[in-house]
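Peer 1: Following is a predicted model, sequence given first.
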Amino acid sequence: MTDHAGAPPTGPGPLGDVGDTVTGLPVVDLDTCADEPIRIPGSVQPHGVLLAVSEPDLRVRHVSANVVDLTGVAATEALGRPLADVLGAEAADVLAAHLAAGDDLRVRNPVHVRVAGPAGPVPADAVLHRLTLGGGTLLAVELEVADGPRPFSFPNTYQAVRGALERFNHAATLEDLYDAAAQEVRALTGFDRVMVYRFDADHNGEVVAEARRADLNAFLGLHYPASDIPPQARALYETNWIRTIPDVAYTPVPIVPPFDAASGEPLDLTLSVLRSVSPVHLEYLTNMGVHASMSISLLHDGRLWGLVACHHYAGPHPVPFGTRAAAEFLGSVLSLRLVARAHDRELERELEAQAAIAQVLPVARDHDRALAQALTGDDPGLLSVVPAHGLVVVADGQSATAGDVARDLDVDALRAWVLARPDAVTTRTALVDSDPELAAVLPDVAGLLALRLPDEQVVVWLRHEQVRDIYWGGDPQNKAIARREGDHVRLSPRKSFDRWREVVRGRSEPWAPAHVRAAADLRSRLLEVIILRNRWQMAAAHAVQLSLLPRDMPRVPGWQMHARYAPAAGGRVGGDWYDALELPDGRLAAVVGDVVGHGLGAAAAMGQLRNALRAYLLRGAEVQDVLRDVDALARRTMPDDMATVVVVTVDPATGEACVGAAGHPRPLLLDADGGAVLQDVPVDRPVGIGSGDPQVAHLHVEPGGGLVLYSDGLVDSRSTALVDGIERLVAAFDRPDPTVPVDIDEVMAECQDPDSKDDMTLLLLCRDLDLPSGASA
């Protein structure tokens, strides 16, 4: 055996592609192997005879050329004749009676018949099935000379595998089950080597158990590329659970005629036990030194999970039908046991994960702990739900990590990637291959399992690279060759099956299905937790917000102030606030602000800014200084928060007003004639990122006029542009009859946009509100 270290394959396997040029021959694309007509080979193996007959008259339409050896009737003479003329009346009557007993032929195979041969009756096993041909069907009768115990009975069928079943039942692990299967099938069939062959997600195969002749080299642990068994061959293994080649060096027996006269089609031998084998596969076996083979399909939910592969090296090795039936039965039982064991293993993982989830959820519901911190805690934490090297959680505007997470990991890029995924649960095992840009900003991360949560929150488990040595039965990059046969070029499979080592890098341990399901279940549970936490936060934020809004508006002769606040759709409390107070020097001050974000954090930031603005105004600072000072405060003490604000001070005696805005919509000025005009006042950058030199504007509020302050939630939404929203607000205050006062509640109703995801605030400061009796403002 040779041992080579190499990089992972970059192209299809040895039966999947040819990129080399063979001297004197054209380059052949081995992808055509997948298109080889293996279902319609036009021939059968010589250890049996195939007849295709019409129903219900049972006349021979097709026959294999070797029918003469069994019956003495030449193929050309058999065509068109009744089945009784070819097999004899006794055999034909038995088959007819079998057909009359029901349509489910497969479960009642074989039929024991005595064929009228040239030297006397020949006992034979007949396997019946139906061929689909040109919209109709033909009955296929496949005959093999009987061998082994007769008739099939409890002692010579079930008893033959009873011991194997007991071993299967007592196998403690999957590995024990694999080993028992290999040994029992070899004892039953007498092959020199029996292997249990398991496929991975990419259809590459691994030998997970082996029973062999003592002088043979071990294949245990070797891998074989998916291209060794093309997709159409895998499909046939899912249809025919057992397949035998008694003599790899056989000469194919043609079917006469090769095409059906009525449909013009060749016979589809998908269900045939005698179907001839692909020349490429025969050469593949020859290159391995195999003289006879048999395979038993292992299925999981109807899909090919693996194979029991039997090889014989000493020469041809026919297996009697009874033994094949027993082997097929073992394969069926083994499939069930493997599925049960796999389910048991998955269930154990799932129960462990569910137990961990049950411990994590109470911690996540704790309102006194930030959600990100609660989920990344050590006892318990999400690393106990899904095994991983590291964990990243972004929730409620905070991020936290657990486990082995690099300091320079780009959390923002990771979060953006997760939010862009179409599925709520996403897995990766080879980021370098699947998402190289993300891999570049996630050092030492090869795989991830990510959950996308509402409000742009994410949970991501991270796994490091798992460097593995995979030992292949031959170089998986070894190219097949093209051979000229007369005027034709055909494919020839690889010849080397020496042990070949591949070092696999850039991949993480795969995520177990049970852990993926647990993560999905956790996401559903976290949605409930988030709803509960949001309700609590909204209630707390609403209480904070209401406690900070002024209970009463200032009462100054000749002036009135009115304000309204409405939370965003769904009751989400944001960072809007308003304030109004009378300053020590007699001026009126009005403020409308908006902290970016929602929930308790926004409400808390709003409270800090509101109190700071009050303090600066009450000490007598000018509007320009107030904006400058509150921006400096936010920069130093609230680096993660940002807000917009508009501040107005008014001299009640003269109506002279000073207005300053930081990132906030400009106010409206109302005149005594019922008009409303958006004011062109300077607007500095928002609080927290201000310029340091905010500018102010001076306005005059005439008797009967007023000022309108508002937040952007009233004029801007996903369906309404800011310009259109402001025009709508101006129109609401633009009164053709100035004697009719403005109803602030009506304005809120007219301007409120159901598509708005933000809260809304409106403050109205009016001069000389001598309103008619019964009017409201």
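Peer 2: Looks like it arrived, so ask away. For clarity, every value in this text was computed on a predicted model and none was experimentally measured. Residues are numbered from 1 along each chain as shown.

Peer 1: shaky segments in the stretch 301-450 of the chain?
Peer 2: The model of the stretch 301-450 of the chain has pLDDT under 70 over residues 364, 366-368, 378-380.

Peer 1: Where do the strands of it begin and end?
Peer 2: 303-312, 390-395, 398-403, 425-428, 447-453 (DSSP state E, counting those that start in this stretch).

Peer 1: tell me the angle of the biggest helix by length in the chain relative to strand 390-395?
Peer 2: The longest helix of the chain (DSSP state H) is helix 321-365. If you take axes from the mean of the first three to the mean of the last three Cα atoms, to 10 degrees, helix 321-365 sits at 50 degrees to strand 390-395.

Peer 1: and helix 321-365, what other elements does it pack with?
Peer 2: helix 158-170, helix 174-189, strand 242-245, strand 292-300, strand 303-312, helix 371-375, helix 513-548 (3 or more Cβ pairs under 8 Å, 6 or more residues apart in numbering; DSSP states H and E). Any C-beta I mention is one placed from the backbone N, CA and C, and that applies to glycine too.

Peer 1: I'd like these written out as TSV, with distance to Asp228 and mean neighbour count added.
Peer 2: As requested, those are exported to TSV (distance: least, Cβ to Cβ, whole Å; neighbours: other Cβ atoms under 10 Å):
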stretch	distance to Asp228	mean neighbour count
helix 158-170	27	15
helix 174-189	19	21
strand 242-245	15	21
strand 292-300	12	22
strand 303-312	11	22
helix 371-375	45	22
helix 513-548	26	17
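
Peer 1: Domain ranges for this structure, per the record?
Peer 2: As assigned by automatic domain parsing, the chain contains the domains 367-388+390-463+515-537, 549-767.

Peer 1: show me what contacts Arg369?
Peer 2: Shown in contact with Arg369 (Cβ atoms under 8 Å, 6 or more residues apart in numbering): Val363.

Peer 1: how close does it sit to Gly377?
Peer 2: 8 Å (Cβ to Cβ, to the nearest Å).

Peer 1: Now the common contact residues for those two.
Peer 2: Among the neighbours of Arg369, those also in contact with Gly377 (Cβ under 8 Å, 6+ apart) are Val363.

Peer 1: Just give the closest residue to the residue most central in space within the chain, not the sequence neighbours.
Peer 2: Taking Cα atoms, centre = their mean, the centroid of the chain lies closest to Thr426, which sits 5.5 Å from it. Among residues not flanking Thr426 along the chain, Ala450 sits closest, at 4.6 Å (Cβ to Cβ, 6 or more residues apart in numbering).

Peer 1: Quick one: the helices in the stretch 1-150 of the chain, in order.
Peer 2: For the stretch 1-150 of the chain, the helices defined by DSSP state H, counting those that start in this stretch cover 67-71, 75-78, 83-87, 89-100.

Peer 1: re the thing from before, could you check the angle strand 292-300 makes with the longest helix of the chain?
Peer 2: Going by the same axes, to 10 degrees, helix 321-365 makes 30 degrees with strand 292-300.

Peer 1: just to revisit the earlier point, among the helices of the stretch 1-150 of the chain, which is the most enclosed?
Peer 2: Highest mean neighbour count of these: helix 83-87, a mean of 23 (counted as mean count of other Cβ atoms under 10 Å).

Peer 1: ok, residues contacting that one?
Peer 2: With Cβ under 8 Å, 6+ apart as the criterion, helix 83-87 contacts 51, 53, 58-60, 63, 67, 71, 73, 78, 91-93, 95, 113, 115-116, 141, 143.
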